[in-house]
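Novice: Provided below for reference: sequence and predicted model.
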Amino acid sequence: MTPRDIQQELDRRHRTATLFILLFFVLDLVLLVIAFLAGNHISRPKDPKIAVGLWIAILVCGLGVFVLRRTRFSTMRLQDITAVKGISGLLKTLEGTTIQVASIGGAIGLMGFIITMIAPPYDSSPWTHMLRAAGVSVIVLIYCYPFKSSWERTVRQLAPAEPTAEIGIT
């Protein structure tokens with residue numbers, strides 16, 4: 001691949017990953033507005049144990065995202081991917097991991113909306129459940145935001161050296 005092809009693929013994959021994150025931000029915002037405006041009307045009291053289970057799931061997903069991203073973006077793993085699949089495989093991994101983490105952030109927002117819908121009858125403002133879950137979701141989405149400069153730096157560091165440079169030809 002030429003440097004221009006690599007840059008074009010990096011731009012394309014970065015744009016896709018960024019679009020996913022922005023879509024999940026918008027999803028969180030829309031769900032928060034719906035919960036605020038119609039929280040008391042969409043509330044269908046159910047077993048509060050379900051809400052507790054969803055909060056535990058939000059906690060596990062929120063913490064799991066940090067572990068997942070750190071594991072998937074470890075230097076050794078990315079070096080192995082680059083060695084086996086090349087720069088294209090590296091960029092695909094960066095994009096895929098970012099989309100997976102963003103999807104978990106979106107799922108956290110959806111779980112918060114579900115908690116709003118099944119809020120207990122004594123809860124005077126069920127939309128605050130969505131507010132808290134949206135806060136966790138936004139933290140996850142900010143954490144996984146793909147800075148283009150870091151992707152470019154990763155590609156530069158892990159790209160195989162040119163064969164002529166190893167021989168000493170300038």
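Specialist: Arrived safely, thanks for sending.

Novice: what residue ranges in this structure score low on pLDDT?
Specialist: Counting by pLDDT under 70, the chain shows low-confidence ranges at 43, 120-123, 161-170.

Novice: repeat that for 80
Specialist: In the prediction, the chain carries residues with pLDDT under 80 at positions 1, 39-48, 119-126, 160-170.

Novice: where's the residue most central in space within it, which helix or strand?
Specialist: With the centre of the chain defined as its mean C-alpha position, the nearest residue by C-alpha atoms, centre = their mean is residue 102, 2.0 Å away. Under the criterion of DSSP states H and E, residue 102 resides in helix 75-117.

Novice: residues near residue 13, how many?
Specialist: Residue 13 is surrounded by 22 other residues when neighbours are defined as other C-beta atoms under 10 Å. For glycine as for every other residue, the C-beta is placed from the backbone atoms N, C-alpha and C.

Novice: cool, and residue 135?
Specialist: Neighbours of residue 135 under the rule other C-beta under 10 Å: 15.

Novice: was I right about the residue nearest to the centre of the chain contacting residue 26?
Specialist: No. Counting by C-beta atoms under 8 Å, residue 102 sits too far from residue 26 to count as a contact (11.9 Å).

Novice: which elements pack onto the helix holding residue 102?
Specialist: Applying 3 or more C-beta pairs under 8 Å, 6 or more residues apart in numbering; DSSP states H and E, one finds that helix 75-117 makes contact with helix 3-42, helix 48-72, helix 127-143, helix 148-158.

Novice: pull the distance from that helix to the chain's centre.
Specialist: In terms of C-alpha atoms, centre = their mean, to the nearest Å, the centre of helix 75-117 is set 6 Å apart from its chain centre.

Novice: got it, and stretch 106-120?
Specialist: Shown here is stretch 106-120, whose average C-alpha point lies 18 Å from the average C-alpha point of the whole chain (C-alpha atoms, centre = their mean).
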